[in-house]
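*Asks:* the following block contains a protein sequence and its predicted model.
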There are 2 protein chains.
Amino acid sequence: MSILCVGSVALDSVETPFGKAERVVGGSAVYFTAAASLLTSVQVVGVVGEDYPLERLDFLRARGVDLSGVEQVTGPSFFWSGRYRYDLNARDTLDTQLGVFADFQPRIPDAFRETPSLFLGNIDPVLQADVLDQVSAPSIVACDTMNYWIEGSRDALLALLARVRILIVNDEEIRQLADEPNLLKAARWVQERGPEYVVVKKGEHGAILFAPDWLFFVPGYPLEEVFDPTGAGDAFAGGFVGYLDHAGSLEPHDLRLAMVYGSALGSYAVERFSVERLATLDAADVRRRVAEFRDLTAFETRVEAV
Amino acid sequence: MSILCVGSVALDSVETPFGKAERVVGGSAVYFTAAASLLTSVQVVGVVGEDYPLERLDFLRARGVDLSGVEQVTGPSFFWSGRYRYDLNARDTLDTQLGVFADFQPRIPDAFRETPSLFLGNIDPVLQADVLDQVSAPSIVACDTMNYWIEGSRDALLALLARVRILIVNDEEIRQLADEPNLLKAARWVQERGPEYVVVKKGEHGAILFAPDWLFFVPGYPLEEVFDPTGAGDAFAGGFVGYLDHAGSLEPHDLRLAMVYGSALGSYAVERFSVERLATLDAADVRRRVAEFRDLTAFETRVEAV
């Protein structure tokens, strides 16, 4: 099968306790695709400015990613700059310049409209809905969002959720969206508004999948060095949706395994700046880390147990 | 087999967003034993004042716990009072009165000296070492500690660690002990100083077991209501050491399952004030929650997977 991914294609300047990276490729669509392309075919729709180093996405083309929907227009690319503090769980945004992204109106090429899977990266929910209007009926529709839209475009976001099968957000976002600190209750609140499945990412603390009548938890992979957390959530989404599209199924065993692929790709993403680590991975690396997650979490109950 | 548990036997006054409990039974030895006694035999050594409502520990006696090592002396019992804020992850200590606990000198009855397993609850590391001197060679020696001893009795604590097989602490404590924010590195630092196994409890975010050459992670059980977090870490320790003593083994499959028993008992502990919930449990309840952990975390890798 294949995934259509619509989202930001950005340049990031990032400072962490371990170093600095200036104007490196980033954005939700880039991180998502760098992960998902290890598992399935991906088509990307986005916009960049004339300053964008498109050749740095050649590793995606080499994996068969269709970037023909990434339009290059006059003006500067979306630029984000941030600094991570010592514990890497908190970050300060130093600068955000929307550039050509401010006028982004996703146009889905005819060749992409029959996509079996759709990932709506974190953009204006009005635009996310507009993308949904342009495609026929994908069997998997997953979307992300952020505090900016939860606060400022709540009605549009709620209208979108009614049309989405999977919501992928972090713990802060779902608490804010549902106005409820308890994650179980917050997830149920969201499920009542549309999405059958809710994935809550908790950074280094792992992620939970809320299905209609069951839960699945995957930990964050314990790493000695988290080099740059930027994009980990988008890489998680890429691994998750990428595996589901590859499997062509939302059966419970596939959803569970998809969570592990998500956490595996998220854990690789933070090992280097930008998509440097994701760019050098192959399927065997991903399989190896998935097996490591099994070693990390599997246990046997025993007949002689208490 | 059986466990000798030495620790605090206290009265707690606790306020949470859900209510108040005044002078209810608590303390590390009580929570530990309320959990471990569901899985194996337990003998307790501690001290209480003349104000202690020992009859509230009758549920432990009914499970066969030997409380003959809990001395009742003249003076007030150890008293702790605290308040949890809305998110339940932070708490304010309102009052601590050591009472008779200030002069606690653990005397291990002859009948307990051959114990196969020993749990050293969070008390002065000098006293923990003194307990070790009084017993013959237990095959399992586990201990807890806290920031107060890490700061104020560092040398005594490090001397103790060299004699302990399992250290059970929370994430803040191990970071402080090793002066290292990364948990993997902090655990290795501790392992180089004695304990073969290090268990790091992360509250609602689960717990990690660091063995010499492998790791195991168990999540916190997702609960709709966390009523009172007091004692969850001690109940975890009780489930963990309790299962190991029951199994009579530190084989990897038993250590993994012990982590799940720990998280199961910790999750039950927070459902009511004090040991109210732990007091009403039976082995079937514990088995059921362990099975729920399996549903929460198990996944199958598939041959056709990417």
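*Replies:* Cool, got the structure. No experiment lies behind these values; they were computed from the predicted model shown.
*Asks:* kindly provide the distance from the closest residue to A:Gly248 other than its chain neighbours to A:Ile166.
*Replies:* Distance criterion Cβ to Cβ, 6 or more residues apart in numbering or on different chains; nearest residue to A:Gly248, sequence neighbours excluded, is A:Met1 at 5.3 Å. (C-beta placed from N, C-alpha, C; glycine too.) Noted for A:Met1: a distance of 15 Å to A:Ile166, by Cβ to Cβ, to the nearest Å.
*Asks:* could you do A:Thr74 as well?
*Replies:* Remark: distance between A:Thr74 and A:Ile166 (Cβ to Cβ) = 36 Å.
*Asks:* between those two, which one's more packed in?
*Replies:* Taking neighbours as other Cβ atoms under 10 Å in any protein chain shown, A:Thr74 and A:Ile166 compare with A:Ile166 leading, 24 against 7.
*Asks:* so that one bridges to which residues?
*Replies:* A:Ala142, A:Tyr197 (DSSP bridges).
*Asks:* and it, what does it touch?
*Replies:* Applying Cβ atoms under 8 Å, 6 or more residues apart in numbering or on different chains, we find A:Ile166 in contact with A:140-143, A:195-199, A:241.
*Asks:* so which strand or helix has the closest residue to A:Leu223 other than its chain neighbours?
*Replies:* Distances taken as Cβ to Cβ, 6+ apart place A:Ser267 nearest to A:Leu223, at 6.3 Å, with adjacent residues excluded. Assigned by DSSP states H and E, A:Ser267 belongs to helix A:252-269.
*Asks:* does chain B sit close to the first helix or strand past that helix going along the chain?
*Replies:* Counting by DSSP H and E, the next helix or strand C-terminal to helix A:252-269 is helix A:276-280. No - taking Cβ under 8 Å from any Cβ of the partner chain as the criterion, helix A:276-280 and chain B are apart, separated by no less than 14.5 Å.
*Asks:* tell me the helices and strands packed up against helix A:276-280.
*Replies:* Packing partners of helix A:276-280 (3 or more Cβ pairs under 8 Å, 6 or more residues apart in numbering or on different chains; DSSP states H and E): helix A:28-36, helix A:252-269.
*Asks:* one more time with 10 Å
*Replies:* Applying 3 or more Cβ pairs under 10 Å, 6 or more residues apart in numbering or on different chains; DSSP states H and E, we find helix A:276-280 packed against strand A:19-26, helix A:28-36, helix A:58-62, helix A:232-247, helix A:252-269.
*Asks:* ok, and what's touching the shortest one?
*Replies:* Counting by Cβ atoms under 10 Å, 6 or more residues apart in numbering or on different chains, the neighbours of helix A:58-62 from elsewhere in the structure are A:25, A:30, A:33-34, A:36-37, A:42, A:44, A:54-55, A:65-67, A:70, A:275-276, A:278-281.
*Asks:* if we go to 8 Å?
*Replies:* Taking Cβ under 8 Å, 6+ apart as the rule, helix A:58-62 contacts A:33-34, A:37, A:42, A:44, A:67, A:275, A:279.
*Asks:* what sits closest to A:Glu180 if chain neighbours are left out?
*Replies:* Closest residue in space to A:Glu180, ignoring its immediate chain neighbours: A:Ala186 at 4.3 Å, by Cβ to Cβ, 6+ apart.
*Asks:* that neighbour against A:Leu177, yeah?
*Replies:* Yes - counting by Cβ atoms under 8 Å, A:Ala186 touches A:Leu177, with 7.2 Å between them.
*Asks:* got the buried residues for stretch A:283-295?
*Replies:* Residues A:285-286, A:289-290, A:292-293 are the ones in stretch A:283-295 that count as buried (16 or more other Cβ atoms under 10 Å in any protein chain shown).
*Asks:* and A:Ser8, how many residues sit next to it?
*Replies:* The tally of other residues near A:Ser8 (other Cβ under 10 Å) stands at 24.
*Asks:* quick one: it and B:Val286, what's the gap?
*Replies:* According to Cβ to Cβ, A:Ser8 stands 48 Å off from B:Val286.
*Asks:* got it, and A:Ser139?
*Replies:* Distance of A:Ser139 to B:Val286, given as Cβ to Cβ: 41 Å.
*Asks:* again, but for A:Arg56
*Replies:* 54 Å.
*Asks:* ok, now A:Arg107?
*Replies:* Note on A:Arg107: its distance to B:Val286, by Cβ to Cβ, is 58 Å.
*Asks:* and the lowest-mean-pLDDT helix or strand in chain A, what other elements does it pack with?
*Replies:* Taking mean pLDDT, DSSP states H and E as the measure, chain A has strand A:91-97 as its least confident helix or strand, at a mean of 92. Strand A:91-97 makes packing contacts with strand A:78-84 when contacts are defined by 3+ Cβ pairs under 8 Å, 6+ apart.
*Asks:* quick one, the strand it packs on and strand A:19-26 angle?
*Replies:* Using axes from the mean of the first three to the mean of the last three Cα atoms, to 10 degrees, the inter-axis angle of strand A:78-84 relative to strand A:19-26 is 150 degrees.
*Asks:* let me see the mean pLDDT of the strand or helix carrying the residue nearest to A:Glu180.
*Replies:* Counting by DSSP H and E, the element that carries A:Ala186 is helix A:183-191. On average, the pLDDT along helix A:183-191 is 97.
*Asks:* identify the residues contacting it?
*Replies:* Against helix A:183-191 from outside (Cβ under 8 Å, 6+ apart): A:161, A:167, A:171, A:174-175, A:177-178, A:180, A:198, A:200, A:208, A:210, A:212, B:222-224.
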